[in-house]
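return atomic coordinates for the entry below.
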Amino acid sequence: MEFSLAEQVLLVVLVLGSAGVFAWHLFGKLRLIEDGVRDLPALGPDPMEISPEDFYARLHSRRAMLKSLLLDQRFLRGLGNIYADESLSRARLHPAAIGAALSRGQVARLYESIRDTLAQAIALGGSSISSYVDAQGRAGWFQQVHQVYGRTGEKCFRCGSLIHRMIIASRSTHYCPRCQRAGRPLAPKAGPPGKGAR
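Sure, this is the predicted structure:
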């Protein structure tokens, strides 16, 4: 049996007391588990529960780009594309910066930015980019305060530079090239012509 892409959308309706949760996605998985956390794959800590010291130890031991790490649910659970971009913007860190290369101060700034971003997003009901609504059918408002996500080509609110977009970990990544220089990987220097090019 073949399905078109439109027919392959997973529709999930959960009824929890008097509230229902409606969600649909074109990617991801849904698993029914019998024995709680034991049956879940290894997930990283919750960003709102990890200590600053543990966050530093986890981040500083990784030689991966920040955006990739923040999207990796084994590193931190529950942080998605929008909130990764917004957290990196608030921390003024380049999305391609390498975790192990950050200073203690930069890691502390990222830690606080992630927590502040999530707290504000929760308070504003999330980001309603396409069809997201909460259990009561209300749209979120966090998209009204996005600094970088979805703003490619628009001016940065801090410096006026144009917001750029690139792909990291197969996801759109939005950032300000002026405000988010910290940790930016440097381009390799070109050698003299004719040397090392084989």
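
residue 76 - how many residues pack around it?
Neighbour count for residue 76, taken as other C-beta atoms under 10 Å: 22. Any C-beta I mention is one placed from the backbone N, CA and C, and that applies to glycine too.

quick one: it and residue 68 touch, right?
No: using C-beta atoms under 8 Å as the test, residue 76 is too far from residue 68 to be in contact (11.7 Å).

which residues of the chain fall in strands?
Counting by DSSP state E, the chain has these strands, from start to end: 10-16, 19-25, 164-168, 171-175.

and the average pLDDT for the first one is what?
So that's strand 10-16. Mean pLDDT, strand 10-16: 59.

mind naming the longest helix for this protein?
Secondary structure assigned by DSSP state H gives helix 104-123 as the longest helix of the chain.

list the buried residues for it?
Across helix 104-123, burial judged by 16 or more other C-beta atoms under 10 Å covers 106, 107, 109, 110, 111, 113, 114, 115, 117, 118, 121.

what do you get for stretch 71-83?
So, applying 16+ other C-beta under 10 Å, buried residues of stretch 71-83: 71, 75, 76, 77, 79, 81, 82, 83.

quick one on the thing from earlier: relative to residue 152, which of the buried residues of helix 104-123 is nearest.
Lowest distance from residue 152 to the buried residues of helix 104-123 (C-beta to C-beta) belongs to residue 117, with 19.1 Å.

now do the same contact list for that closest one.
For residue 117, the residues meeting the contact criterion (C-beta atoms under 8 Å, 6 or more residues apart in numbering) are 83, 86, 87, 90.

what do you get if the cut-off is 10 Å, keeping everything else the same?
47, 79, 82-91, 142, 145, 147 (C-beta atoms under 10 Å, 6 or more residues apart in numbering).

buried ones among those residues?
47, 79, 82-91, 142, 147.

quick one on the thing from earlier: any common contacting residues for residue 76 and residue 68?
Shared contacts of residue 76 and residue 68 (C-beta under 10 Å, 6+ apart): residue 84.

any weak-confidence spans in the chain?
Low-confidence segments of the chain (pLDDT under 70): 1-41, 126-143, 185-198.

buried residues in stretch 154-174?
156, 163, 164, 168, 169, 173, 174.

understood, closing this out.
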